[in-house]
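> pasting the sequence and the predicted coordinates here, then a few questions.
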Amino acid sequence: MTLKDQIDRNNLPSHVAVIMDGNGRWARQKGKHRIFGHKSGVTSVREVTEAAAELGLRYLTLYAFSTENWNRPKEEIEALMSLLVTSLSGETKTLMENNIRLMAIGDLQNLPGKVYKKLQASIDKTADNTGTRLVLAISYSSRWEIADAAKKIAAAAVKGDIKVDDINTEMLSEYLNSGKIPDPDFLIRTSGEYRVSNFLLWQIAYSELYFTDTLWPDFRKDDFFKAILDYQHRERRFGKISEQLGSEK
Ligand code: FPP
């Protein structure tokens with residue numbers, strides 16, 4: 001039986017988030033420039049997106065570029081931005097064919113005009129697709145997102161639209177840039193690093209975490225299916241005890 005066939009379709013995570021890490025090391029291991037690793041990582045993006053669509057997952061979020069990545073060498077930033085533009089140009093047709101809706105989270109105003117326009121065009125083009133939602137986190141950091149939500153809540157309170165006493169966890173979730181997207185059930189990080197690197201810190205409060213040594217450019221559909229199978233063997237308690245979960249079934 002293939003790994004995919006072993007997956008229980010009645011126990012799928014609704015939202016899987018991925019920290020795609022290890023492009024640079026993968027390239028260096030091959031004696032190539034880091035940018036070659038990023039280019040090769042696009043194949044893994046395609047594989048994982050297809051795998052998520054094949055399983056019928058509702059949301060797949062990929063950490064494509066962090067706020068901190070703006071501090072990388074100019075040459076690498078430009079290469080990543082141009083890779084985004086070429087990928088969006090090349091893959092929007094595939095998104096349409098697979099009924100995938102593209103979304104984005106992050107401080108998108110910070111993106112070069114050309115990247116922003118291309119991204120918005122793909123988002124608009126796929127807006128009516130009803131299958132998997134592919135969410136790209138670009139120029140994203142969780143602390144930025146939380147601070148931005150705090151700013152918006154404070155502004156609404158000053159304006160009198162909300163009362164300070166009404167501020168609670170649900171409201172903060174709604175004011176986040178990712179407000180309309182449910183929290184991830186499952187977070188995957190590649191490349192053997194055990195960190196969450198400022199990614200969806202608020203939203204992963206109860207997510208299951210999965211770390212693999214595989215470097216991102218080597219990550220294929222079967223690696224994704226293997227991770228989903230691992231998820232299905234976990235018991236999610238959300239702070240409760242096992243016996244309580246049993247009684248709810
Ligand atoms: C981390 O590897 C990866 C990134 C910073 C960028 C990920 C981007 C892509 C896979 C390509 C474009 C994306 C899309 C959505 C088309 P790293 O550079 O931190 O690797 P290292 O830890 O080995 O140095």
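Great, that's in hand. It should be emphasised that the depicted structure is a prediction, and the values quoted were computed from it without experimental measurement.
> start and end of stretch 172-183, how far apart?
13 Å (Cα to Cα, to the nearest Å).
> I meant stretch 59-73, not that one.
32 Å.
> mind listing what's buried in that stretch?
For stretch 59-73, the neighbour count (16 or more other Cβ atoms under 10 Å) marks 59, 60, 61, 62, 63, 64, 65, 66, 67, 69, 72 as buried. Quick note: C-beta positions are derived from backbone N, CA and C, even for glycine.
> okay, and the third one sits in which element?
Using DSSP states H and E, residue 61 sits in strand 59-66.
> before we move on, back to that, wait, which of the buried residues of stretch 59-73 is closest to residue 32?
Checking the buried residues of stretch 59-73 against residue 32 with Cβ to Cβ, the nearest one is residue 72 at 16.9 Å.
> using the three-state scheme, assign residue 179.
The assignment at residue 179 comes out as coil when based on DSSP: H, G, I helix; E, B strand; the rest coil.
> phi, psi of the closest residue to it other than its chain neighbours?
Nearest residue to residue 179 in three dimensions, chain neighbours excluded: residue 173, at 6.4 Å (Cβ to Cβ, 6 or more residues apart in numbering). Per-residue torsions, residue 173: phi -60, psi -40 (degrees, to the nearest 10).
> any regions of the chain where pLDDT drops low?
By pLDDT under 70, the weakly predicted segments of the chain are 246-249.
> which parts of the helix ranked longest in it are buried?
With secondary structure taken from DSSP state H, the chain has its longest helix at helix 74-97. Under the neighbour-count criterion of 16+ other Cβ under 10 Å, helix 74-97 has 79, 80, 81, 83, 84, 87, 88, 91, 92, 95, 96 buried.
> what do you get for stretch 36-45?
Neighbour counts over stretch 36-45 (16+ other Cβ under 10 Å) mark 36, 37, 38, 39, 40, 41, 42, 44, 45 as buried.
> and the fifth one, what does it touch?
Residue 40 makes contact with 23, 26, 27, 217, according to Cβ atoms under 8 Å, 6 or more residues apart in numbering.
> kindly report the same for the third one.
By Cβ under 8 Å, 6+ apart, residue 38 lies in contact with 23, 27, 76, 79, 80, 83.
> may I ask which helix or strand encompasses it?
Here residue 38 is assigned to helix 34-55, by DSSP H and E.
> which of the buried residues of stretch 36-45 come close to the ligand?
When contact is defined as Cβ under 6 Å from any ligand atom, these meet the ligand at 38, 41, 42, 45.
> if I look at the first one, how far off is residue 21?
When Cβ to Cβ, to the nearest Å is applied, the distance between residue 38 and residue 21 equals 12 Å.
> still on that earlier bit, for the contacts of residue 40, which two are the farthest from each other?
By the measure Cβ to Cβ, 27 and 217 form the most distant pair in the contacts of residue 40, at 7.9 Å.
> more crowded one of those two?
residue 217 (24 against 21; other Cβ atoms under 10 Å).
> if we can go back for a sec, which strands and helices sit next to the longest helix of the chain?
helix 34-55, strand 59-66, strand 101-105, helix 113-125 (3 or more Cβ pairs under 8 Å, 6 or more residues apart in numbering; DSSP states H and E).
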